[in-house]
Structures are given as structure tokens and as C-alpha cells.
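Student: I would like to see how this sequence folds:
(one chain, ligands or ions: 1)
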Amino acid sequence: MAFRNRSIVPATASGPTRDPTSRIEELGAALVSLEAITPADLAAALATDPCTEHDFIVQATKSERRAANKTSVAKVWASFHSLPTVDFRQIVPDEQTATLLEQRLARSLRAFPFRQDSDGIHVAIADPSVSGRQAVEAALPGTLVFHVAAEAEISSALDRLFRADAEIGILVQAFESSDTALAALAASHHGDEEDGPVVQIANRVIAQGLRDRASDVHIEPMNDRIRVRFRIDGHMVDTFSLPLSAHAALVSRYKILGGMNIVERRRPQDGQFSTSIDGRDLDVRVSTLATVFGEKVVMRLLDKSRAALELKHLGMPADTNAKWAKLIHAPFGMVICAGPTGAGKTTTLYATLREINSGGKNVMTIEDPVEYVFPGINQIQTNEQAGLTFAHGLKAILRQDPDVILVGEVRDADTARIAVQSALTGHLVLSSLHGTDSVAALHRFLDMGIESFLIASSVVAVVGQRLLRRICDACKEPYEPGPEEMIVWEREGRAPKDQFWHGAGCTFCAGTGFRDRIGVYELLKITPELRRLIVGWATQEELRRLAVSQGMRTLVEEALMLVESDVTTIDEVIRSLYAG
Ligand SMILES: [Zn+2]
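Tutor: Residues are numbered from 1 along each chain as shown. A predicted model of the protein is given here:
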């Protein structure tokens, strides 16, 4: 199995300690009998020949499509070793005790001490196996009392314990009590006071953004404060407030980092810088824009360590995945990813590129922005100021003897025309297109004035996609959907369902009831019959009807299947699929 190499082994284990296979099988049987995992999960996990109980659990709960209840898995695993569990929704870890284990070590061991009393040091662990406990004992001297929690809950608890908020609060005080805002501004202008409070606040804000899985960090001046918001799983979350007096210095700091002009405060600017936080390499794209209250800074965080998604980890159902993997190996033609902004198109294209890229091919891209750098691929960043648009870049690429071309986005008729021509002249062209679904994307081409026969003969497949938020594992509970939700459920012809689930909202999910996202995909393969319809300028409805009759599952169907398997809610489906 290809993913055996990827399985996570405790980072601190000295040498590969193997847990006995018979014990792993017993644990698996216990999990199945208590319905924490399915027999299919068990068989799949055992087939990977797991070395440790932890490996086994990772494999048995990895199914993206089915929401394994990781909290109940943790419970069964704990009782298998006669250990208690701990719930950090009810218990607040003692911050002082937590510092007994260094943060880096706590993260790699997936464990942290949370209380100390006459019994000893109470430690929360995600891996209660003998080898897991030994690793913690080696790192933390003293009498340890173990309690088990799901791995995700441990890492959320760690994120909260080591939040930057508290540090930022202290820094803000330091900033306010130090001379004046002006002095700090002057210091940061020269960038020579690397440990000045503003510099540190600037760094902590980015670090917290990364820990909270934010894709963007917004620094917004308001009339009485600076509001810092993160975009997490596509939604804006209020994170901190900073005093307005820090605004000028903070903006200057980010401009210095981004290589921008700090004196220019009226014109919009953009820049970028690279940094490393918690051992993760990060590219940050900074943009500033003057609002009525002053300059607003938005930073997009591109976590390079997250780049390496493979096709099979996108969350496509197995059959869609298999079809897509086959289609993208077409020798020429055009393969399109369609969806609105934030639908995960880039992730799909990158995973696809990763699958296609091999030494025997010349793969070239033109992108805005280049989000991740692939070894062995020639990636080009558009540059409007230098006249390097998508269309110009694409023309230049065609003179460079490419086999596979990725066009980050087709936004205009020029680019569309060249892309279609390239696809017809022996190149495989991958691209994204703004459109509500796969059929709408085909019509976008027609709207751009591309002749229908050119579209029909060049496009191989279109995948329409969205990202839906997953129900938070920690606060998942049964609920009664409202009438609007039930109308959608019934209108889409879904069979009655005994129990629906949602997230009640808890500290792990910032009260949203959701944590992380999963992709839904609608794969439109262009068949000869569809080709005829496209040439004849068929309407979107006609195209969709034929595609469905030929076996395409629509986005709505795919999304409701995720409701069926308790991964997301009907409300989330409505919000992301019907609202535009
Ligand atoms: Zn929650």
C-alpha cells in the first residue's frame, strides 16, 4: 500500500517499537463490537499491517467520506487499556502544569500534563498504548496519571493553551506603557528593533493565524480599535482587538516585511514575504488598502507544508476518484475545475498536477498566485505590470515545447481561446473557471465567444466543486432539522433518515459547530452524445439532464450523501450550494 510510508509514528519513539499484532486485532474487535468503527474500516486498517496501535487507529479512522466518531474511538481505546478519558469541554487545563512539557514535545507526543495533585501529574494522551505511554514517561519525569482524549481534542487544547492572545495582551501593555506610539513607530521603521513589542505583536498575530488554520488574516482599523479577524474554513472569525495607537506601527511592520513603501498610505499596495513558524514554512502575501479609518492589511497565508495533497486525499468518492485519475491522463484536451472562489479549485488542480507530473513530461504553469512550488515543474507567476498576463504567459509557454499546461484561471476570452487551441494541438491543458457547476462552466466558454465546436472537441471533462464544512467532532449531537431543511431533503428525493446530526458549538470549533472542510465534486465527462448537444448550443438544463442520465451525480446529490453519512448538515449544503 502506498500510504504505509505515510503513517504517523510517534516522533520521539526511539527505534520502531512494535505493538503485538494480536493486541492490535483485539483492539480492532473491541472497536467494531462497540460500533466505533465499521468492519470495513477494521479490515482496511489491518490490511496495512500497522506497526503500532496508533498506526492502526489512524488507518481505521481515516475514511474521509464517513464520519468516524473519533471521540468514541478514543473512549474504546482508553477502556481497552483500563484508562479513564478526559473531556476538555468540561475541564480547564492548568496552564502552569502544562508548561512542564515543552510545547514542541507536547505536540509531537500528542500529550500534555493538565493537572497536578497528590496522585501525581495528570497527563492527557492521545495514544494510550504501552509504547505511547512509555514515550511520554521518557519525556516527563514523575508519577504520571494517564487520561485519554481524541487526538484532535488534544491538539485543539494545545492550540488554546499556547494561544498568542495572552502574549499579545502583555505585549500591548508593554507597547502602551513604552514611551509613545511614535517611538515604537520610529523603531519599527528602521526594522532594527527585532524584539520591540510591535514587531512581536506582528509575528504573534501571524503565528496564531497559522495555528487557527486561517487562510487569511485581516487587520482592520475601526473607529475605536483595530479588529483582527481570521478566515477559517471560509468564514470570518473575530480574533483579537488591538489598541488603535498600535495601528500605524503595525501596518508599517507588515509593509516592511512585504517589501512595500511605508510612506505611501493612500494607494493600494501589495507585497510578500516568507517566514517559518512552528517549524512550518509559510509564504505570506500582503495587501494594503486605505479605508475611511486608515489602512487595512490583509495577509494570505500559504502554508507550504500543506501543499502535498494527493488526489486520493481530496475526499472524492472512490468511483469519482478513479474516473478523474483516468481522465487526467488523456494525452491532450482540456480538463477544467469549476466553482466559485474558495471552492478548493487550486487544491484539486495541484493534486491533479502532482499525479500527472513525471520526469517524462514538460509540465508548465501560469498562475496568479503561485501558491506552492513543485519540484520539477516550470511555474510562472503572472505579472500585470510587466505585461505578463495569462494570455501572454500562455503564448510564451507554447513556444517552450510543453506537454502539460496548467492555466491557473481562465478569466477572459483571449486566454480561453489560446487554451482551447493548445488543447486541440496536442497538449493537455488543466484550468480553473469561475462557474456555479460543471455545466455552467461549459456555458461560460460559449459566453466568452468560443465557438461551440471548439469547446466540444477540446474539453475532456469538467469537475464542479465546493467545500463544505464538517460537523465538529467534539460537539456533534442529534438535532431536528427545521422545515426549510426538510423541504430540501425531501425535494431532492432523499429517503427518510432516523437521525440528523449537527455541531452544538463548543470551544474546539469557536462555537460554529463546524471544524475543517471536505470537498464535494460533480464530475462531467464529455461523451459523444454531450459533444453533439454542445455543438448544437443546448441549454444548461438539456446538458445537465443528459449528463445525469449518463450517470453524473450532481453537486447537490453528492453533498446530501455527506449529510446521509453525518459529515455535514443540510443547512451547510443549502448555504454553500443554493446561495450562489
Ligand atoms: Zn464544536
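Student: shaky segments in the protein?
Tutor: 1-17, 63-68, 163-167, 169-170, 173-195, 305-308, 579-580 (pLDDT under 70).
Student: could you list the contact residues of it toward the ion?
Tutor: Counting by C-beta under 5 Å from the ion, the chain comes close to the ion at 472, 474, 475, 503, 506, 508, 509. The C-beta positions use only the backbone N, C-alpha and C, and glycine is treated the same way.
Student: tell me which two in these are the farthest apart.
Tutor: 503 and 508 (9.1 Å; C-beta to C-beta).
Student: overlap in contacts of the two?
Tutor: By C-beta atoms under 8 Å, 6 or more residues apart in numbering, residue 503 and residue 508 have these common neighbours: 472, 474, 475, 515.
Student: farthest-apart pair in those, please.
Tutor: Spatial extent of these (C-beta to C-beta) is set by the pair 475 and 515 at 9.1 Å.
Student: list the residues that contact both of these two?
Tutor: Contact criterion C-beta under 8 Å, 6+ apart; residues shared by residue 475 and residue 515: 503, 508, 509.
Student: run through the residues that contact the second one.
Tutor: Yep, that's residue 508 we're talking about. By C-beta under 8 Å, 6+ apart, the neighbours of residue 508 are 89, 152, 153, 156, 472, 473, 474, 475, 515.
Student: specify the local secondary structure of it.
Tutor: Here residue 508 takes the helix state, with states given by DSSP: H, G, I helix; E, B strand; the rest coil.
Student: ok, the one 3 residues further on next?
Tutor: On the three-state scheme (three-state DSSP), residue 511 is labelled coil.
Student: and it, how close does it get to residue 465?
Tutor: 27 Å (C-beta to C-beta, to the nearest Å).
Student: residue 224 now?
Tutor: From residue 224 to residue 465 the distance is 41 Å (C-beta to C-beta).
Student: of those two, who's got more company?
Tutor: The residue with more neighbours, out of residue 224 and residue 465, is residue 465; 26 against 10, by other C-beta atoms under 10 Å.
Student: need the CA coordinates for whichever strand or helix holds that one. CSV is fine.
Tutor: Assessed by DSSP states H and E, residue 465 sits inside strand 459-471. Extracted in CSV, the C-alpha atoms of strand 459-471 (Å, rounded to 0.1, in the frame of the first residue of the first chain):
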residue,chain,number,x,y,z
VAL,A,459,-12.9,19.7,-23.4
VAL,A,460,-12.4,16.2,-21.9
ALA,A,461,-14.0,16.7,-18.6
VAL,A,462,-15.2,19.3,-16.1
VAL,A,463,-15.3,18.8,-12.4
GLY,A,464,-17.6,21.2,-10.5
GLN,A,465,-16.8,21.5,-6.8
ARG,A,466,-17.5,23.1,-3.4
LEU,A,467,-16.0,22.8,0.0
LEU,A,468,-18.5,22.0,2.8
ARG,A,469,-17.7,22.4,6.5
ARG,A,470,-17.6,19.3,8.5
ILE,A,471,-19.6,18.9,11.7
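Student: show me what that strand pairs with in its sheet, parallel or antiparallel.
Tutor: strand 333-339 (parallel), strand 514-525 (antiparallel) (DSSP bridges).
Student: quick one, strands of the stretch 251-400 of the chain?
Tutor: Counting by DSSP state E, counting those that start in this stretch, the segments of the stretch 251-400 of the chain that form strands are 269-277, 280-291, 294-303, 333-339, 363-367, 378-381.
Student: excluding chain neighbours, what is closest to whatever residue of the stretch 151-300 of the chain ends up closest to the ion?
Tutor: Going by C-beta to the ion, the ion is nearest to residue 156 of the stretch 151-300 of the chain, at 9.0 Å. Counting by C-beta to C-beta, 6 or more residues apart in numbering, residue 156 lies nearest to residue 508, which is 4.5 Å off, once chain neighbours are set aside.
Student: burial of the residue in the stretch 51-200 of the chain that the ion sits nearest to, as a residue count?
Tutor: Residue nearest to the ion within the stretch 51-200 of the chain (C-beta to the ion): residue 89, separated by 8.3 Å. Neighbouring residues of residue 89 were enumerated by other C-beta under 10 Å; the total is 13.
Student: who's in contact with the nearest residue to it once chain neighbours are set aside?
Tutor: Excluding the flanking residues, the one nearest residue 89 by C-beta to C-beta, 6+ apart is residue 506, at 5.5 Å. Applying C-beta under 8 Å, 6+ apart to residue 506 gives the contacts 89, 472, 474, 475.
Student: what's near enough to touch residue 240?
Tutor: 165, 168, 205, 208, 228.
Student: ok, and the closest non-adjacent residue to residue 142?
Tutor: Nearest non-adjacent residue to residue 142, counting by C-beta to C-beta, 6+ apart: residue 121, 5.1 Å away.
Student: let's verify the one you found: helix, strand, or coil?
Tutor: Look at residue 121: counting by three-state DSSP, its state is strand.
Student: how many neighbours does it have?
Tutor: Neighbour count for residue 121, taken as other C-beta under 10 Å: 19.
Student: and the residues of the chain next to the ion, which are buried?
Tutor: Among these, those classed as buried by 16 or more other C-beta atoms under 10 Å are 472, 474, 475, 503, 506, 508, 509.
Student: please name the nearest non-neighbouring residue to residue 534.
Tutor: With C-beta to C-beta, 6+ apart, the residue lying closest to residue 534 is residue 456, at 4.1 Å.
Student: got the phi/psi numbers for that neighbour?
Tutor: Note on residue 456: backbone dihedrals following degrees, to the nearest 10 are phi -60, psi -40.
Student: surely it meets residue 529?
Tutor: No. Judged on C-beta atoms under 8 Å, residue 456 makes no contact with residue 529 at a distance of 11.0 Å.
Student: these two: who's more crowded?
Tutor: Set residue 456 next to residue 529 and count neighbours by other C-beta under 10 Å: residue 456 wins out with 18 against 12.
Student: how close does that one sit to residue 24?
Tutor: 54 Å.
Student: with residue 73 instead?
Tutor: When residue 73 is compared with residue 24 (using C-beta to C-beta), they lie 14 Å apart.
Student: of those two, which one has the most company?
Tutor: Taking neighbours as other C-beta under 10 Å, residue 73 and residue 24 compare with residue 24 leading, 24 against 21.
Student: which non-adjacent residue is nearest that one?
Tutor: residue 56 (5.0 Å).
Student: could you do residue 424 as well?
Tutor: Nearest non-adjacent residue to residue 424, counting by C-beta to C-beta, 6+ apart: residue 458, 5.1 Å away.
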